[in-house]
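Undergrad: attaching a predicted model along with its sequence, questions to come.
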Amino acid sequence: MGGSGMRNLERRYRTLLKVLPRWYRRDREEEMAGIFLAERDDDLDLEHSWPGWGETWAVLGLAVRTHLAAGAGLGSVPAKVLWRGEVVRALGMLGLLLGLFYATAAIASVTVGPGGAYPPDLHWWRLLELGPFVAFGALLNGRRTLAKLAAAGPVLVTVVSMALPHNPLLWGLFQLPSFVTFACLCLGFHRDAPTPSARRLTWWGGGAVALGVLGGVATGVGLISIGLITAVVRVVAFVRGDAVLGRALSLFAVLQLVPLVFLIFADAGIFVLAGGLAVLLALVAVAPVRRRSKAAPQVG
Amino acid sequence: MSEQTFLVLTALAEEPLHGYAIVQAVDQLSEGRMVLRVGTLYGVLDRLVADGLAERDREEVHQGRLRRYYKLTDSGVRALQAEVARLSANVRAASAVLKGRGLQAWAGRA
């Protein structure tokens, strides 16, 4: 359809369609515009109305699924789009493992540890912090809506905690990895996304729980443990040629760097330890990735 | 299977349809309960094509606009049959329960 004869409603709808990836629009834009404008011939409507909230919401949902393509969903998905979707899902899964670590550490700290990081004034709503256990199991069973709801528990607790009278900026920065990875979990595991491999990820979940016990008993080593594990797994991913996991870990390292850099400036007493960890994470972030072959990337 | 997917499969069961005809058919089949947005329709169609339940048929230009037709595959027909059987069994079970309470199954649709 030429631009000269285009009415305002069509122009607005085509503007809305720009949220869809270019490769998708190339194939579908004319078809979608045709359906949207079918039998709409009222001049006032064509000049002054807009696509509406319902259509906008539907197109935004389609945009998320197509930008983070699941792979099998569309025949002509470019390789880099497939890869982007896999990285976002891997990052969401890393966040869930981080949640398992924190939840286990909380339990270990309260039950057998010194309880330093988790004060004795326990409230019922702190049960929400156990959400990652439910979320992990639900995701591996393909129940992704339940997984997202359960994973939202700790995020909700964190948001509420930020309103309490302590340093909300520092607290918020430390929770940045959790916030971002939760968003990745919600966006990446859309309806068309593949269910992650339970066999492989059960081992990862077990590792996160084991580390969580260590982190809960020996309070204060949590940040260091997560940083070191990130670096070790990044090396393993490079050696195995797992480019998706490698890239996801690089982004995960960047997320951890943000609060760490703030901590270095805020507390000079831990400069050496925090600085060393920051350098390690920076190396993880910029290290190259290696692809095993040209085959479709595997994650989860 | 979501209600949207079920209705789109049902719409395509009779004959190959283009996108706008699918939207209209779903509106009729659901007696106006379900308004299928264009963005939603393509999400459903992408899924059906990916799962091998539907495929592209032919393309036409109508009043200067592209119309692409979609049709059910044999797998799509079998999936629809299976879903109809499942829903029918549920309806029979619910009707029996209501009948046991002396109620008509369709009383709420007056």
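TA: Arrived safely, thanks for sending.

Undergrad: got a list of contacts for stretch B:73-91?
TA: Contact with stretch B:73-91 is made by B:1, B:6, B:9-10, B:12-13, B:48, B:51-55, B:72, B:105, as judged by Cβ atoms under 8 Å, 6 or more residues apart in numbering or on different chains. Glycine gets a C-beta too; all of them are placed from N, C-alpha and C.

Undergrad: tell me, how many residues neighbour the closest residue to chain A within chain B?
TA: Chain B approaches chain A most closely through residue B:39 (3.0 Å), counting by Cβ to the nearest Cβ. The burial count assigned to residue B:39 is 25, neighbours taken as other Cβ atoms under 10 Å in any protein chain shown.

Undergrad: is it in contact with residue A:62, as I believe?
TA: Yes. At 4.4 Å, residue B:39 and residue A:62 qualify as touching, with contact defined as Cβ atoms under 8 Å.

Undergrad: which residues of chain B lie near chain A?
TA: B:18-20, B:23, B:35, B:37-43, B:46-47, B:49-50, B:62, B:64-68 (Cβ under 8 Å from any Cβ of the partner chain).

Undergrad: of the residues you listed, buried ones?
TA: Buried members of the residues of chain B next to chain A, counted by 16 or more other Cβ atoms under 10 Å in any protein chain shown: B:18-20, B:23, B:37-43, B:46-47, B:49-50, B:65-68.

Undergrad: restricted to helices, list these.
TA: Counting by DSSP state H, the part of these found in helices is B:19-20, B:23, B:38-43, B:46-47, B:49-50.

Undergrad: just the CA atoms of stretch A:149-167, as PDB, please.
TA: Taking C-alpha atoms only, stretch A:149-167 is exported to PDB below (Å, rounded to 0.1, in the frame of the first residue of the first chain):
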ATOM      1  CA  LEU A 149       4.000 -16.300  40.000                       C
ATOM      2  CA  ALA A 150       6.100 -18.200  42.500                       C
ATOM      3  CA  ALA A 151       9.300 -16.500  41.300                       C
ATOM      4  CA  ALA A 152       7.600 -13.200  41.800                       C
ATOM      5  CA  GLY A 153       7.400 -13.900  45.600                       C
ATOM      6  CA  PRO A 154      11.000 -12.900  46.500                       C
ATOM      7  CA  VAL A 155      10.800 -10.000  44.100                       C
ATOM      8  CA  LEU A 156       7.700  -8.700  45.900                       C
ATOM      9  CA  VAL A 157       9.400  -9.100  49.300                       C
ATOM     10  CA  THR A 158      12.400  -7.200  48.000                       C
ATOM     11  CA  VAL A 159      10.300  -4.400  46.700                       C
ATOM     12  CA  VAL A 160       8.400  -4.100  50.000                       C
ATOM     13  CA  SER A 161      11.800  -4.300  51.900                       C
ATOM     14  CA  MET A 162      13.000  -1.300  49.900                       C
ATOM     15  CA  ALA A 163      10.300   0.800  51.600                       C
ATOM     16  CA  LEU A 164      11.700   0.000  55.100                       C
ATOM     17  CA  PRO A 165      14.000   2.500  56.800                       C
ATOM     18  CA  HIS A 166      17.400   1.300  55.700                       C
ATOM     19  CA  ASN A 167      19.500   2.100  52.700                       C
END
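
Undergrad: per-residue pLDDT of the closest residue to chain B within chain A, please?
TA: For chain A, the residue positioned closest to chain B under Cβ to the nearest Cβ is residue A:58, at a distance of 3.0 Å. On the pLDDT scale, residue A:58 is placed at 92.

Undergrad: what's the burial count for it?
TA: Counted with other Cβ under 10 Å, residue A:58 comes out at 20.

Undergrad: same thing with residue A:108?
TA: The local packing of residue A:108 (other Cβ under 10 Å) involves 21 other residues.

Undergrad: C-terminal to the host helix or strand of it, what's the next element?
TA: Using DSSP states H and E, residue A:108 maps to helix A:79-111. The helix or strand immediately downstream of helix A:79-111 is helix A:131-140, counting by DSSP H and E.

Undergrad: and the helices in chain B, which stretches?
TA: B:3-14, B:19-29, B:38-50, B:74-100.

Undergrad: pick the most buried one from those helices.
TA: Stretch with highest mean neighbour count among the helices of chain B: helix B:38-50 (a mean of 22; mean count of other Cβ atoms under 10 Å in any protein chain shown).

Undergrad: just to revisit the earlier point, who's in contact with the residue of chain B closest to chain A?
TA: Residues near residue B:39 by Cβ under 8 Å, 6+ apart: A:32, A:55, A:57-62.

Undergrad: surely residue A:21 and residue A:66 touch.
TA: Yes. Contact criterion Cβ under 8 Å: residue A:21 and residue A:66 qualify, at 5.3 Å.

Undergrad: what's the overlap in contacts for the two?
TA: Contact with both residue A:21 and residue A:66 is made by residues residue A:81, according to Cβ under 8 Å, 6+ apart.

Undergrad: so for those two, which residue has more residues nearby?
TA: Each of residue A:21 and residue A:66 has its neighbours counted (other Cβ under 10 Å); residue A:66 has more, 26 against 17.

Undergrad: before we move on, which element is that one in?
TA: Using DSSP H and E, the element containing residue A:66 is helix A:53-67.

Undergrad: low-confidence regions, chain B specifically.
TA: Counting by pLDDT under 70, the ranges of chain B that qualify are B:105-110.

Undergrad: what of the stretch 101-250 of chain A?
TA: A:113-123, A:164-168, A:218-221.

Undergrad: around chain B, pick out the residues from it.
TA: Within reach of chain B by Cβ under 8 Å from any Cβ, the stretch 101-250 of chain A has these residues: A:191-192.

Undergrad: let me see the contact set for residue A:55.
TA: Taking Cβ under 8 Å, 6+ apart, one finds A:13, A:16, A:36, B:37-39 in contact with residue A:55.

Undergrad: give the contact list for residue A:228.
TA: Remark: with contacts taken as Cβ under 8 Å, 6+ apart, residue A:228 is in contact with A:277, A:280.

Undergrad: which helix or which strand is home to it?
TA: Going by DSSP H and E, residue A:228 is part of helix A:222-240.

Undergrad: related to what we said a few turns ago, which one, of the helices of chain B, ends up nearest to residue A:289?
TA: Closest approach to residue A:289 among those is made by helix B:38-50 (27.8 Å; Cβ to Cβ).

Undergrad: alpha carbons of the closest one, as PDB, please.
TA: In PDB, the C-alpha atoms belonging to helix B:38-50 read as follows (Å, rounded to 0.1, in the frame of the first residue of the first chain):
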ATOM      1  CA  VAL B  38      -5.100  -9.400  14.900                       C
ATOM      2  CA  GLY B  39      -2.000  -9.700  17.100                       C
ATOM      3  CA  THR B  40      -3.600 -12.600  18.900                       C
ATOM      4  CA  LEU B  41      -4.700 -14.300  15.700                       C
ATOM      5  CA  TYR B  42      -1.100 -14.400  14.400                       C
ATOM      6  CA  GLY B  43       0.200 -15.700  17.700                       C
ATOM      7  CA  VAL B  44      -2.300 -18.600  17.400                       C
ATOM      8  CA  LEU B  45      -1.600 -19.200  13.700                       C
ATOM      9  CA  ASP B  46       2.200 -19.200  14.300                       C
ATOM     10  CA  ARG B  47       1.700 -21.800  17.000                       C
ATOM     11  CA  LEU B  48      -0.600 -23.900  14.800                       C
ATOM     12  CA  VAL B  49       1.800 -23.800  11.900                       C
ATOM     13  CA  ALA B  50       4.700 -24.600  14.200                       C
END
